[in-house]
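1. sequence and computational prediction follow.
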Amino acid sequence: MQFRQQALSKLQSPEEIDLPVRFARPQGWLVLAVTLVVMAAAGVWAVTGSLSSTVGAAGVLTHAQGSYVLQSPVAGQVTDVLVDEGRSVSAGTPLLKVRTDRGATAVRALAPGRVTTLAVTLGSVVTPGADVAAIERVKNPDDPLMAMLYLPASSGAAVPVGASVDLTVQSVPAERYGLLRGRVKSVGRTARTDRQIGAFLGDSRLGEQFAENGPPIPVLVTLDRSAATPSGLAWSSSQGPPYEVASMTLASGSVHLAEQRPIDWLLP
């Protein structure tokens, strides 16, 4: 009986046909609008935008000609050291004197350059073939400083000539003076062993360090110049460091690879 009364009451109540039907609340319309705007922006970016990737590598500031290790041609005791580290020398310049059984012998530079390392001191005893100095090959004092990076062999093929490079220099606090700017000048075709790297840089320890994870690919980087900075180089900051950066300073680089369209990256 109770259900019958409820049914009769329902039939007797007027139908609400003239009232508008609400399909969505205002909050729902807002969510829909935001979603459509985001989808439209993503579509425009996928067509017109670009993705850039980078590859990192360790390296050193140097000159393109590299360095060579000067070895003693005789056995004896060093009686005089004639040059200091950092001095520029010409071919044939005597670097030190060695007293032998046949008298004093001068050890001379083989090619012009700058003395980066002296491996002996006054009173040292040397043998034939012993390393006595490392000399960076610099023909002219105005030869530009460059950077030599050693990339993993798997990444070397992806680096294009002309790619921009950001360098963090060991002797320059990046958080204060910024990053050093440069561009890829050349990419080596074959990987280098630790001995080849050490021979080029004149330091076997650097060869072992850069080839620690396998023979890398050498990448030569030209440094952007700027007459507005004390160092004469372009930095991400306006002035850079208030001093010149020296050759054979360790650095790490971030090479910017070619940009790629997002739609090409997303599609198989």
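-> Thanks, I have the structure now. Residues are numbered from 1 along each chain as shown.
2. would you list every one of the strands in the chain?
-> 54-62, 67-71, 76-81, 88-89, 94-100, 103-108, 113-118, 125-126, 131-137, 146-151, 164-169, 180-187, 217-223, 250-256 (DSSP state E).
3. now the ones you listed as a markdown table including distance to Gly202?
-> The C-beta positions use only the backbone N, C-alpha and C, and glycine is treated the same way. Shown next, in a markdown table, are the strands of the chain (distance: least, C-beta to C-beta, whole Å):
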| stretch | distance to Gly202 |
| --- | --- |
| strand 54-62 | 9 |
| strand 67-71 | 3 |
| strand 76-81 | 18 |
| strand 88-89 | 14 |
| strand 94-100 | 14 |
| strand 103-108 | 16 |
| strand 113-118 | 7 |
| strand 125-126 | 17 |
| strand 131-137 | 4 |
| strand 146-151 | 12 |
| strand 164-169 | 19 |
| strand 180-187 | 20 |
| strand 217-223 | 15 |
| strand 250-256 | 14 |
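4. if I look at Ser247, how far off is Arg189?
-> Ser247 sits 25 Å away from Arg189, going by C-beta to C-beta, to the nearest Å.
5. these two: which is more packed in?
-> Legend: neighbour count by other C-beta atoms under 10 Å for Ser247 and Arg189, higher for Ser247 (18 against 9).
6. wait, doesn't that one sit right on Leu145?
-> Yes: counting by C-beta atoms under 8 Å, Leu145 is a contact partner of Ser247 at 6.0 Å.
7. anything in contact with each of those two?
-> Residues touching both Ser247 and Leu145 (C-beta atoms under 8 Å, 6 or more residues apart in numbering) are Leu61, Thr62, His63.
8. who wins on neighbours among those residues?
-> Most neighbours among those, by other C-beta under 10 Å: Thr62, with 25 neighbours.
9. that residue: what's it in contact with?
-> Thr62 is in contact with Glu136, Leu145, Met146, Ala147, Met148, Leu201, Ser247, Met248, counting by C-beta under 8 Å, 6+ apart.
10. so for the fifth one, what's the pLDDT?
-> Yep, that's Met148 we're talking about. We note a pLDDT of 95 for Met148 in this prediction.
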